[in-house]
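Chemist: just need the structure, nothing else, for what follows:
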Amino acid sequence: MKTLLLFAAVCVSVAYSQVLEPCAAPPLWEARVSRIDPEKRFSERARMSYDAINRRVRRIEEVNLLEEKDFYDVLYIHNTEPGTEYRLNLKTKECEKREMSEPWREFQVPPNSTFLGESYIGTGAVPGAGVLTELWAHQFESGDKYFGVYTVEGCIPIQEEFYSNRTGLVSTFFFDVVAGVSDPNVFIPPRECM
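Modeler: Now for the predicted structure:
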């Protein structure tokens with residue numbers, strides 16, 4: 001009996017001593033993304049190219065705000081201080097170039113996040129009919145809150161939710177993620193912005 005109790009105590013100690021570290025998302029990828037903010041009646045669909053190595057993001061966006069629809073080609077370059085945003089309105093061909101006040105934030109699980117568990121999108125009961133994911137949460141020192149869902153295999157982003165008093169809740173969903181960037185020239189500002 002004592003041996004059984006000792007074995008159980010060792011198993012519990014080992015289980016609690018294991019701290020799951022957040023996975024590292026690929027540094028270069030492309031995807032379709034969808035962001036929504038129902039409170040502000042805002043939605044966006046975009047084709048996105050992401051380069052964490054050089055801190056750059058390019059988005060071709062369809063933005064719906066209060067029943068109005070606009071189309072933008074947006075390039076965020078964070079590898080300079082301050083960062084620069086190029087926003088080309090694809091309807092009017094007008095470009096706005098401005099300094100960014102927001103810091104670079106990688107699309108990955110923030111350090112020191114809390115592991116919430118695993119779950120399947122689809123099902124794990126039928127082979128090939130589901131994707132196993134990890135769920136993570138984090139509260140930043142500023143009070144902002146983060147929730148993310150990433151695949152176990154490859155650490156591919158599926159969903160991120162971010163809440164701050166400034167932005168409210170913004171939910172982002174990722175689809176058709178492909179490793180790498182098909183055209184490195186995508187990170188060159190549009191000629192209308194030069």
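
Chemist: quick check: which ranges of this structure have low pLDDT?
Modeler: 1-19 (pLDDT under 70).

Chemist: wouldn't residue 65 be in contact with residue 37 here?
Modeler: No - the criterion here is CB atoms under 8 Å, and residue 65 misses it with residue 37 at 9.3 Å. For every residue, glycine as well, the C-beta is placed using N, CA and C.

Chemist: end to end on stretch 87-103, go ahead and measure it.
Modeler: 17 Å (CA to CA, to the nearest Å).

Chemist: which strand in the protein has the most residues?
Modeler: strand 168-179 (DSSP state E).

Chemist: element containing residue 73?
Modeler: Taking DSSP states H and E as the criterion, residue 73 maps to strand 68-77.

Chemist: report the buried residues of stretch 77-86.
Modeler: 77-78, 83-86 (16 or more other CB atoms under 10 Å).

Chemist: swap that for stretch 140-157, please
Modeler: Applying 16+ other CB under 10 Å to stretch 140-157 flags 146-151, 156-157 as buried.

Chemist: out of those residues, list just those in helices.
Modeler: Counting by DSSP state H, none of the members of these fall within helices.

Chemist: any chance of those in a markdown table, plus distance to residue 184?
Modeler: Listed next are those as a markdown table, based on distance: CB to CB, whole Å:
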| residue | distance to residue 184 |
| --- | --- |
| 146 | 29 |
| 147 | 32 |
| 148 | 27 |
| 149 | 29 |
| 150 | 25 |
| 151 | 25 |
| 156 | 21 |
| 157 | 21 |
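
Chemist: closest one of those to residue 130?
Modeler: Of all those, residue 130 sits closest to residue 151, with 10.8 Å by CB to CB.
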